[in-house]
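>>> just to be clear, the model below is a prediction. Sequence and coordinates:
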Amino acid sequence: MADYRKNSKGKLVPLTPEEALAMREKEKKSSPAPQHNGDRASKEAQLLGSTKEAIALRKAEINGEIKLLQSKLRGEIDNIKASETAKERAGKHLAVFGALYLCTCTIAFLFSMSVLDTDSIAVAATLVTLVVTQLASILKTVVDTKEPKDPVELMSEIVHVTLGNEVKE
């Protein structure tokens, strides 16, 4: 890349090779090369020490950012859990423990058959069947019940149906 200078009229004009060499020599004389003294090892140790400090500082910054991000994510998870409806919470609970409840009722029935006398087994079987049936129906209603839609969503669906567009679910 060519060096330029301003002429007497203020326009940029390229330097001649002699002018460019003279300017470079002048720059070299005005900023002499750094001089090395005999204490090079101590300077290296100082540089390494400051590098270790810089690394430690950066590591602390990154750890702080990680903790901040983790706390933000925990807060978002807590908000999601707090905004869950009872149906959603019950559905999740029953998805995990529903089979356990039914198995417990069945095991209780089988255990009661070995303990009760033959006249009481029919009554116990009827009661356990009633409980299991009711528990299964409660599980079904919790899982199958639709939540009421947001009024804005309902209006949007009405508009789409009116205009002949398909409703996206």
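Alright, I've got the coordinates. Numbering: from 1, shown residues only.
>>> for the helix or strand residue 20 falls within, what does the pLDDT average out to?
Per DSSP states H and E, residue 20 falls inside helix 17-30. Per-residue pLDDT values over helix 17-30 give a mean of 77.
>>> what of stretch 137-156?
Rounded mean pLDDT across stretch 137-156 is 71.
>>> span of it from start to end?
This stretch, stretch 137-156, spans 34 Å end to end (CA to CA, to the nearest Å).
>>> now name the helix or strand holding the residue nearest the centre of the chain.
For the chain, the residue sitting closest to the mean C-alpha position, by CA atoms, centre = their mean, is residue 73 at 5.7 Å. Using DSSP H and E, residue 73 falls within helix 40-82.
>>> which element follows that helix toward the C-terminus?
helix 86-115.
>>> so what does that next one touch, helix or strand wise?
Using 3 or more CB pairs under 8 Å, 6 or more residues apart in numbering; DSSP states H and E, the elements in contact with helix 86-115 are helix 118-144. Glycine gets a C-beta too; all of them are placed from N, C-alpha and C.
>>> quick check, pLDDT for the residue sitting furthest away from the middle of the chain.
Most distant residue from the mean C-alpha position of the chain: residue 8, 64.2 Å away (CA atoms, centre = their mean). Note for residue 8: predicted pLDDT of 78.
>>> thanks a lot, see you next time.
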